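Chemist: here are the coordinates; sequence isn't available:
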């Protein structure tokens, strides 16, 4: 019964992962702020129908295929980027809720929450291979930059002590689990760009994992951590905390928390620009949604940017010129010009957006819209006008 209840919490809506105060009366950002970039209008294209309760989306390194996990359908929907057409779904099991693609693009790994497994998929054939057994209730997965090792976060029932299962990609063999802290359903594991360390969110801390030895280090105390983003040089990780209304920088060489940066009350998602100069944290107040830029050189918060209500996700184009923010209330995506920290446009997407991914070329953002238990979901492509 406990596992069935936990599974329901994972897949029944984004409100589990994001506290949105006053959502019933809040208004989304105005759609009147329209803009064009390089004589090309940023615009939503025709939505793509996928499976039931779509969730995370990843894009192959060559930019040719996007993959969407459909939690209630037990499938992965490939999308051909050149035509924005959904291909034949790939059956993977019970409840696919997280994915990662190997850096060489040859294998996709899918976390099946309901079966306590990771399902490898050979991308050239779209064929699911033998599942790999991991811990109880796995919720997230990351891969090292060299593609040799996966790290799977297992919650082991909500509120229990979690584990991280390393998997050798060459053999598909699961190694000895690494104990981390007490878990909850929005926990995450993130690997640094240099592949030396991983950070795992716990209920009241971050657990660093030394990836050379696969050992957990001393936890870093942060109450209610949500999301983690590394700078490109891997020297600093930024951690949002909804409970404390802060973004905490961590010096990765020593896994030392620096002075928290105060932002608006409820920070959630975070992303760092490719040049590493600015971190952008989304935040929700009782009346509007905000994105707070943080200057990484000084760890100071800059003037907040008003976006739509319920900004649950943020992604930045590869050249770093535009940030896109998914606003789950109001069904919009806000485009932000990073050079001036100003809103370019609010784009209507038709379904509550909850996940996003940007193609390697930066030309298209794929926005995954939430659906009910029975209805199919949709992915909306947005033309970004990036070079």
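Modeler: Great, that's in hand. For clarity, every value in this text was computed on a predicted model and none was experimentally measured.

Chemist: Can you report phi and psi for residue 171?
Modeler: phi -120, psi -20 (degrees, to the nearest 10).

Chemist: Just give me the neighbour total for it.
Modeler: 8 (other Cβ atoms under 10 Å). (C-beta placed from N, C-alpha, C; glycine too.)

Chemist: Look up how far residue 233 lies from it.
Modeler: Using Cβ to Cβ, to the nearest Å, we find residue 171 at a distance of 32 Å from residue 233.

Chemist: where does the stretch 1-150 of the chain have low pLDDT?
Modeler: By pLDDT under 70, the low-scoring segments of the stretch 1-150 of the chain are 1-39.

Chemist: Spell out, range by range, the helices that occur in it.
Modeler: Secondary structure of the stretch 1-150 of the chain (DSSP state H, counting those that start in this stretch): helices located at 2-11.

Chemist: Please settle this for me: is residue 209 part of a strand?
Modeler: Yes - Residue 209: assigned to a strand according to DSSP: H, G, I helix; E, B strand; the rest coil.

Chemist: Please name the residues that touch residue 115.
Modeler: Going by Cβ atoms under 8 Å, 6 or more residues apart in numbering, residue 115 touches 93, 94, 95, 131.

Chemist: Looks like the last one contacts residue 91 (just checking).
Modeler: No - counting by Cβ atoms under 8 Å, no contact exists between residue 131 and residue 91, whose distance comes to 11.8 Å.

Chemist: For the nearest residue to residue 297 once chain neighbours are set aside, give me its contacts.
Modeler: Leaving out its chain neighbours, the residue that sits closest to residue 297 by Cβ to Cβ, 6 or more residues apart in numbering is residue 277, at 7.0 Å. Going by Cβ under 8 Å, 6+ apart, residue 277 touches 295, 296, 297.

Chemist: The second one: neighbour count?
Modeler: Going back to what we said before, that points to residue 296. The local packing of residue 296 (other Cβ under 10 Å) involves 19 other residues.

Chemist: ok, now how distant is it from residue 231?
Modeler: On the measure of Cβ to Cβ, residue 296 and residue 231 end up 6 Å apart.

Chemist: any common contacting residues for these two?
Modeler: Listed as contacting both residue 296 and residue 231 by Cβ under 8 Å, 6+ apart are 238, 272, 276, 279.

Chemist: Which strand or helix spans the closest residue to the last one other than its chain neighbours?
Modeler: On the basis of Cβ to Cβ, 6+ apart, the spatially nearest residue to residue 279 that is not a chain neighbour turns out to be residue 294, at 4.4 Å. Under the criterion of DSSP states H and E, residue 294 resides in strand 289-295.

Chemist: Cheers, nothing more for now.
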